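A.B. asks: sequence and predicted structure are below.
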Amino acid sequence: MNNWLNKLERKFGRYAIPNLMYYIIILYAAGFVLNLVNPLFYYQYLSLDASMILKGQVWRIFTFIIQAPSSSLVFIIFSLYLYYMIGKQLEYAWGAFRFNLYFFSGMFFTVIGAILAYLLTGLVLPMDTWYLNMSLFFAFAALYPDVQFLLFFVIPVKVKWLALIDGLYFLYAVVQAFLPAYGGGVYGVYYKANALAAFIAILNFLLFFLGSRNMQPYSPKQMKRKQDFKRKVNQASRPVNVYANGAKHRCAVCGRTELDDPNLEFRYCSKCNGNYEYCQDHLFTHTHVK
């Protein structure tokens with residue numbers, strides 16, 4: 001699958017939308033305002049209604065995304081900031097094309113799921129991108145498991161543990177649709193829509209992320225190694241310092257140069273904060289400069 005993604009990126013990468021999450025956030029904000037002005041307009045003309053799509057209202061395939069994740073002003077501000085932060089980091093790690101592909105494939109699978117559910121059961125399931133956005137958190141946690149979030153703005157918690165709670169939330173959404181207490185009436189349709197949307201979001205995550213055999217180059221560890229390599233290359237390309245005595249190398253610990261001993265070897269330390277050079281006797285024994 002990774003080779004397939006590479007081929008797609010080479011062929012269609014130039015069409016990717018940079019900073020996609022920024023535009024998605026604008027759509028959510030517009031949806032929030034629309035809900036304040038006319039709450040019924042979205043459901044009447046823009047929502048993901050499979051029956052109306054099959055009758056010709058194909059714009060619903062795209063406009064359903066405008067639904068805001070909340071009707072609360074406080075929660076919408078927090079949610080949009082979190083979505084933007086996560087989306088920006090994923091785009092930075094994957095590149096614009098792959099992030100575009102992940103999000104739009106999630107939308108596509110959601111639409112297909114809604115249409116198939118209608119054709120097979122006759123139910124119009126009110127699905128949106130809530131679970132697709134929640135699945136972005138899985139991808140973020142897979143790339144940055146040790147990043148800490150402040151739970152309730154106070155308690156520091158690593159992302160990998162929050163992702164576990166997120167996974168339980170998805171599991172509950174799927175299981176809930178099969179419980180007898182939640183299976184009937186209007187609410188039963190709502191729970192079935194949640195279950196299908198949650199299942200599709202997880203499927204999209206598994207197909208894209210875990211199905212890519214060579215996602216290692218996008219991991220933080222590999223990205224750090226690339227940055228360290230570029231820094232070392234830049235250091236090597238800088239003009240060589242010439243000291244007052246004419247020496248080109250000098251140990252930051254003992255002060256010896258190649259003029260003191262022609263057999264001395266000198267190296268820069270990548271862990272020191274600065275351009276520090278050490279002789280062979282102090283390269284591995286010095287205290288790193290922070």
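C.D. replies: Looks like it arrived, so ask away. Residues are numbered from 1 along each chain as shown.
A.B. asks: may I ask you to confirm that residue 194 is in contact with residue 173?
C.D. replies: Yes. Residue 194 lies in contact with residue 173 (CB atoms under 8 Å); the separation is 4.7 Å. For the C-beta atoms, the positions are set from N, CA and C on the backbone; glycine is no exception.
A.B. asks: what residues are shared contacts of the two?
C.D. replies: Each of residue 131 lies in contact with both residue 194 and residue 173 under the rule CB atoms under 8 Å, 6 or more residues apart in numbering.
A.B. asks: excluding its backbone neighbours, what's nearest residue 53?
C.D. replies: residue 60 (5.2 Å; CB to CB, 6 or more residues apart in numbering).
A.B. asks: how close does the one you found get to residue 110?
C.D. replies: 12 Å (CB to CB, to the nearest Å).
A.B. asks: looking at the chain, which helix or strand does the model trust least?
C.D. replies: helix 220-237 (a mean of 61; mean pLDDT, DSSP states H and E).
A.B. asks: partner strands of the next helix-or-strand element following it, parallel or antiparallel?
C.D. replies: Counting by DSSP states H and E, the next helix or strand C-terminal to helix 220-237 is strand 266-268. Note on strand 266-268: by DSSP bridges, its sheet partners are strand 277-279 (antiparallel).
A.B. asks: how far off centre is the strand it pairs with?
C.D. replies: Mean C-alpha position of strand 277-279 versus that of the full chain (CA atoms, centre = their mean, to the nearest Å) differs by 40 Å.
A.B. asks: quick one: average pLDDT of it?
C.D. replies: On average, the pLDDT along strand 277-279 is 86.
A.B. asks: what lies in contact with that strand?
C.D. replies: 249-254, 256, 264-269, 286.
A.B. asks: stretch 72-80 now?
C.D. replies: 25, 28-29, 32, 68-70.
A.B. asks: try it again at 10 Å.
C.D. replies: Residues outside stretch 72-80 that contact it (CB atoms under 10 Å, 6 or more residues apart in numbering): 21, 24-26, 28-29, 31-32, 35-36, 68-70, 130, 133, 153.
A.B. asks: next one: stretch 165-183
C.D. replies: Contacts of stretch 165-183 (CB under 10 Å, 6+ apart): 130-131, 134-135, 137-138, 141, 151, 157, 159, 187-199, 201-202, 205.
A.B. asks: just the buried ones from those, in PyMOL syntax?
C.D. replies: Selecting only the buried entries of those in PyMOL, with 16 or more other CB atoms under 10 Å as the criterion:
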select buried, resi 130+131+134+135+137+138+141+159+188+189+191+192+193+194+195+196+197+198+199+201+202+205
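A.B. asks: strands of the stretch 101-250 of the chain, start to end?
C.D. replies: Under the criterion DSSP state E, counting those that start in this stretch, strands of the stretch 101-250 of the chain are mapped to 148-151, 155-158.
A.B. asks: and the average pLDDT for stretch 21-34 is what?
C.D. replies: On average, stretch 21-34 scores 92.
A.B. asks: Throw the contacts of strand 277-279 into CSV and include distance to residue 51, thanks.
C.D. replies: Output for the contacts of strand 277-279, formatted as CSV (distance: CB to CB, whole Å):
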residue, distance to residue 51
249, 77
250, 79
251, 78
252, 74
253, 77
254, 81
256, 83
264, 81
265, 76
266, 75
267, 70
268, 67
269, 67
286, 72
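A.B. asks: list only buried entries from those residues.
C.D. replies: Applying 16+ other CB under 10 Å to the contacts of strand 277-279 flags 249-253, 256, 264, 266, 268-269, 286 as buried.
A.B. asks: can I get those in JSON lines including distance to residue 80 and pLDDT?
C.D. replies: Listed next are the buried ones among the contacts of strand 277-279 as JSON lines, based on distance: CB to CB, whole Å; pLDDT from 0 to 100:
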{"residue": "249", "distance to residue 80": "53", "pLDDT": "84"}
{"residue": "250", "distance to residue 80": "53", "pLDDT": "85"}
{"residue": "251", "distance to residue 80": "53", "pLDDT": "87"}
{"residue": "252", "distance to residue 80": "48", "pLDDT": "86"}
{"residue": "253", "distance to residue 80": "52", "pLDDT": "87"}
{"residue": "256", "distance to residue 80": "58", "pLDDT": "87"}
{"residue": "264", "distance to residue 80": "58", "pLDDT": "82"}
{"residue": "266", "distance to residue 80": "52", "pLDDT": "84"}
{"residue": "268", "distance to residue 80": "44", "pLDDT": "85"}
{"residue": "269", "distance to residue 80": "43", "pLDDT": "82"}
{"residue": "286", "distance to residue 80": "48", "pLDDT": "81"}
